[in-house]
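1. Kindly return the folded structure for what I paste below:
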Amino acid sequence: MSHTERKRFASLSGPTHGDIVINALMILVCFLALYPVWYTIVISLNDSSDAIRGGIYWLPRKFSLESYKTVFQDKTIIQAFVITILRTVIGTVTSVFFTAMVGYAFSKKHIMGNRLYTIMGTITMFFGGGLIPYFITLKNLGLYDNFLVYIIPGLFSFWNMIIFMSFFRELPAGLEESAKLDGANDLVIFTRIVIPLSMPVIATIALFNGVGHWNDYFSGVMYINKSELQPIQTYLYRIVASASASKAVVSMPTGVTAQQVSSQSVRLATMVVTTFPIMCVYPFLQKYFVKGMLVGSIKG
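-> Numbering: from 1, shown residues only. Predicted structure coming up:
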């Protein structure tokens, strides 16, 4: 029996010791990544006064939804959720569309100044002006304490533009040429031909932008002073930063006692509520994710 035949026979006979070790390591990594999320959900679903005793690891010992009732009865949290949803939807749509338009223009090598603009954009990826000049610029533009501070600064990303540009350059040139022969201009070609063919890369960039907007707390801390404009992540950050997990008690809605709901349980419930929507969106975009990430890769 040749060496090749022995390897083929070994692959058909079952998993090797190496496969077992690799699978065991992957299971361990998955467990270490998922268990903190599961533990947070379990504690948030347990009665607060009972959870203080400890000893809860896998399932709630005394099931209670009082923490979630507190979350959804707090008008400040609801307002923060609305701001987060608005900034995520508006910011993602506008950023993807604007960056895609710039990427489409940069994909045309005959555009005047293409190389110069590419060099300038590449420099901005490695060097920045710093936080203080950036803050002063936004304030002089009237974006401080303005909802548009979540939208306008994130309209364009040069890195995302490079991904778009690489994808657009792989599209057949004959599509645009035939469309121009039919009288279509660049805008019609971009919106009716290029965009429908670019769903994998659009879904990938939209996922990046959406997760970034949803998880961003820093913008609300630095550029927003009005409580009605703070996103949910900033609200959660301020809860965690300002209260003691063991002693502080948040304001309770009617009928909920301090023993039933503590600040710790409300924090964990808020974490679950803020993470759940973005976790639900990801599976629907996953089929585009891998294909979009391979844009511009070497093909065999």
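2. Helices along the stretch 51-200 of the chain, start to end?
-> 66-73, 75-106, 114-126, 131-140, 158-169, 173-181, 186-189, 195-197, 199-215 (DSSP state H, counting those that start in this stretch).
3. Out of these, which is closest to Pro36?
-> Nearest to Pro36, of all those, is helix 199-215, at 16.1 Å by Cβ to Cβ. For every residue, glycine as well, the C-beta is placed using N, CA and C.
4. between that closest one and helix 75-106, how many degrees?
-> Counting by axes from the mean of the first three to the mean of the last three Cα atoms, to 10 degrees, helix 199-215 lies at 150 degrees to helix 75-106.
5. pull the CA atoms of helix 199-215 into CSV?
-> Output of helix 199-215 as CSV, limited to C-alpha atoms (Å, rounded to 0.1, in the frame of the first residue of the first chain):
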residue,chain,number,x,y,z
MET,A,199,-24.9,43.1,-2.1
PRO,A,200,-22.1,40.9,-0.5
VAL,A,201,-19.7,43.8,0.0
ILE,A,202,-22.6,46.2,1.0
ALA,A,203,-23.9,43.7,3.6
THR,A,204,-20.3,43.3,5.0
ILE,A,205,-19.7,47.1,5.3
ALA,A,206,-23.3,47.6,6.6
LEU,A,207,-22.6,45.0,9.3
PHE,A,208,-19.3,46.8,10.3
ASN,A,209,-21.1,50.2,10.4
GLY,A,210,-24.1,48.9,12.2
VAL,A,211,-22.2,47.2,15.0
GLY,A,212,-19.9,50.2,15.3
HIS,A,213,-22.9,52.6,15.7
TRP,A,214,-24.7,50.3,18.1
ASN,A,215,-21.7,49.7,20.4
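6. What average pLDDT does it get?
-> For helix 199-215, the mean per-residue pLDDT is 86.
7. What count of nearby residues applies to Ile52?
-> Ile52 has 13 neighbours, counted by other Cβ atoms under 10 Å.
8. any idea how far it lies from Arg61?
-> Going from Ile52 to Arg61 by Cβ to Cβ, to the nearest Å gives 11 Å.
9. Extract the residue ranges of the stretch 101-250 of the chain that are flagged as low pLDDT.
-> Across the stretch 101-250 of the chain, residues meeting the criterion (pLDDT under 70) sit at 240, 242-250.
10. Could you check how many residues crowd around Ile189?
-> The burial count assigned to Ile189 is 19, neighbours taken as other Cβ under 10 Å.
11. Kindly apply the preceding question to Tyr39 instead.
-> Neighbours of Tyr39 under the rule other Cβ under 10 Å: 14.
12. go on, Val37?
-> Neighbourhood size, Val37 [other Cβ under 10 Å]: 13.
13. Same check on Gln230?
-> 23.
14. separation between it and Asn23?
-> To Asn23, Gln230 is 44 Å away according to Cβ to Cβ.
15. Which of the helices of the stretch 51-200 of the chain sits closest to Ser265?
-> Nearest to Ser265, of all these, is helix 66-73, at 4.1 Å by Cβ to Cβ.
16. what's that closest one packed up against?
-> When contacts are defined as 3 or more Cβ pairs under 8 Å, 6 or more residues apart in numbering; DSSP states H and E, helix 66-73 sits against helix 263-293.
17. Thr118: what's its closest spatial neighbour, skipping adjacent residues?
-> Closest residue to Thr118 apart from its sequence neighbours, by Cβ to Cβ, 6 or more residues apart in numbering: Phe106 at 6.9 Å.
18. how close does Ile83 sit to Lys226?
-> 10 Å.
19. So which of these two has more stuff around it?
-> Per other Cβ under 10 Å, whichever of Ile83 and Lys226 has more neighbours is Ile83, with 21 against 10.
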